[in-house]
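Asks: no sequence on this one, just coordinates:
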């Protein structure tokens, strides 16, 4: 028999006392409260992420779009380069003027720009949804193409961004517009916009445009003038009144109608306005570029102040010498080849530069940009390195053919001898002697010497052909190296502007290096021998002159570089396609161009005086304006004096001048000798030119 216990009635358990509640249950919360706390945590995290993104955006804008940039001109201001005597030589850059102030502008000036560009400018926050929607609707429905950009967006675009039409750029434009609106007042934004907008004719900013088109300050613009200027902003190059007056007038009337629509003027006032007269008084009659100006401009930008004002900077260019350089290169007769010339002071101040036959046809500067082989002009560094190591000009070196090794250069005309002095080897430009000397002193010494004299072109080691100038460089740096010899100070840095004078303390610790007296005297002895009795005889002057010829392989480059009378000049002739020259070598045409330049630069060249007018008809005298005294012997010279050709010689201690008129109308008669002079002896034949000094 089974007994069953009756179950106790179900009674709800009594609530435990607080002391009896387990610790874990205290931490538990109702489900709704837990979800609420989770949401709060996610919201807090979201705000933190947004705050971080905002901080990053602000930092990014501060770096890429600093507010100060909107105070700078968007195009480099105009720079006028002057020659050393103040003669303008080139003008380049944009026409800009100082910024405008919104408070000082007449109301109709501001209203004209706001009416046509941004009617809700003072009520939006950088982006105008209405304008965007209106532009989109007009473009979609086939109406006239419209832009939805506000003035703030336009300022952001042309001040901080590129003109590319991309979605990313539009997003940046919107961010920068908000940035500008947050940190600048509306008038400040308007001022910066008006001071930087482009108005055509290379003119930026309202003040520059007002002065350019109407020759008046923007504070004095009439409503008609303001309306025309406001209309240019949409398409300044196409609407400029100097180029398309009809389109400019049509656009001006559209601006006036917009001003009527905004209530800035009545329809009657708009109809009474007549098209203003254009008053352009300043024309740019200077070239925007020359070979010298293109080279000097980057340094000029560094010297000019950052701002809206135009700059006038004086260069080292000598207008007279530049004119001489232009004439002597133009009449050089190089055919289809190109010619370049650089003239500088021993200090490196460039006084003349020709980079080619015609800048308009080819602005490529063959004096500063073209890297060509210098040929035997590079031997300067080889012989200087030898002098530094103790060699002397009268030391001898083998001059026979090189018959060993893989590199076997030859002398011009296959002219050899058992040996010759360094001075003679340099004067006659012996290739085999130079290569042997290069091997004696070592390539490192030669390269080190070139670097000391300012050559930056690549110079390969272990290549004996380097001695003959097979490594390319610019004519400018080659000429500067010769200037270092002329100055007895190295390196010489070519410059287009005068350098600031260094103090004695700075000169003491960072002054130039100098050659030893033996080195300098030795190299000048060789350079003079090369002109007086060597390959450079065609460059010989009546004053001490120093120089070296250079002809690269297959006559692809012909050069002469030398100095005299305070000028260092380099001349190069060659073809742009590096094809061989026909019948031109360094000792020929380049040497003659160099001499022609030097004679005229010295001021000793005399122009023939035209003879009196002939009643029977005009007489054309022989044109020899640049002929100076030509030494044809130790005591004999030929020159021009008062329109006569004069042979000056000395016989038995007595000076004799033989004159002949250039027009050939009078017979050759000797000038009357001073009283008491004994009868002259027969004139001996003059010695052959170019022999000895």
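Replies: Now that the structure is in, tell me what you want to look at. What you see is a predicted model; the values in this text were computed from it and never measured.

Asks: contacts and neighbour counts: CA atoms only from here.
Replies: OK.

Asks: What segments of the stretch 501-650 of the chain are strands?
Replies: 545-551, 557-564, 567-574, 630-631, 637-641, 644-651 (DSSP state E, counting those that start in this stretch).

Asks: Where among the ones you listed is average confidence lowest?
Replies: Sorting the strands of the stretch 501-650 of the chain by mean pLDDT places strand 630-631 lowest, at a mean of 45.

Asks: Stretch 439-453 - what's its average pLDDT?
Replies: On average, stretch 439-453 scores 97.

Asks: Can you tell me what sits against that stretch?
Replies: 381-382, 384-386, 389, 438, 459, 461-464, 480-481, 484, 490-492 (CA atoms under 8 Å, 6 or more residues apart in numbering).

Asks: and what of stretch 368-378?
Replies: Residues contacting stretch 368-378 (CA under 8 Å, 6+ apart): 295, 355, 429, 467-476, 478, 548-553, 557-561.

Asks: Need the buried ones from those selected in ChimeraX.
Replies: Of the contacts of stretch 368-378, the buried ones can be selected in ChimeraX as follows, counting by 16 or more other CA atoms under 10 Å:
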select :295,355,429,467,468,469,470,471,472,473,474,475,476,478,548,549,550,551,552,557,558,559,560,561
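
Asks: Turn the buried ones among the contacts of stretch 439-453 into a named ChimeraX selection, would you?
Replies: To isolate the buried members of the contacts of stretch 439-453 in ChimeraX, using 16+ other CA under 10 Å:
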select :381,382,384,385,386,438,459,464,480,481,484,490,491,492
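
Asks: Mind checking which of the contacts of stretch 439-453 land in helices?
Replies: 381, 382, 384, 385, 386, 438, 480, 481, 484 (DSSP state H).

Asks: Quick check: closest non-adjacent residue to the last one.
Replies: The one in question is residue 484. The shortest distance from residue 484 to any non-neighbouring residue, by CA to CA, 6 or more residues apart in numbering, is to residue 490 (5.0 Å).

Asks: quick one, what contacts that neighbour?
Replies: If you count contacts by CA under 8 Å, 6+ apart, then residue 490 has 452, 453, 454, 484, 512, 513, 514 around it.

Asks: Determine which two of the residues you listed are furthest apart.
Replies: 454 and 514 (13.4 Å; CA to CA).

Asks: more crowded one of the two?
Replies: residue 454 (20 against 15; other CA atoms under 10 Å).

Asks: quick one: which helix or strand includes that one?
Replies: Residue 454 belongs to no helix or strand when assigned by DSSP states H and E.

Asks: Give me the pLDDT for the closest residue to it other than its chain neighbours.
Replies: Leaving aside its sequence neighbours, residue 454 sits nearest to residue 491 (CA to CA, 6+ apart; 5.2 Å). Looking at residue 491, its pLDDT reads 93.

Asks: again, but for residue 312
Replies: 88.

Asks: any idea how far the closest residue to it other than its chain neighbours lies from residue 88?
Replies: Nearest residue to residue 312, sequence neighbours excluded (CA to CA, 6+ apart): residue 80, at 4.8 Å. Residue 80 is 7 Å from residue 88, where distance means CA to CA, to the nearest Å.

Asks: The two: which is more packed in?
Replies: Applying other CA under 10 Å to residue 80 and residue 88 shows that residue 80 carries more neighbours, namely 21 against 18.

Asks: and that one, that's in a strand?
Replies: Yes - applying DSSP: H, G, I helix; E, B strand; the rest coil, one finds residue 80 inside a strand.

Asks: which one of the ones in helices among the contacts of stretch 439-453 sits closest to residue 43?
Replies: residue 480 (70.3 Å).
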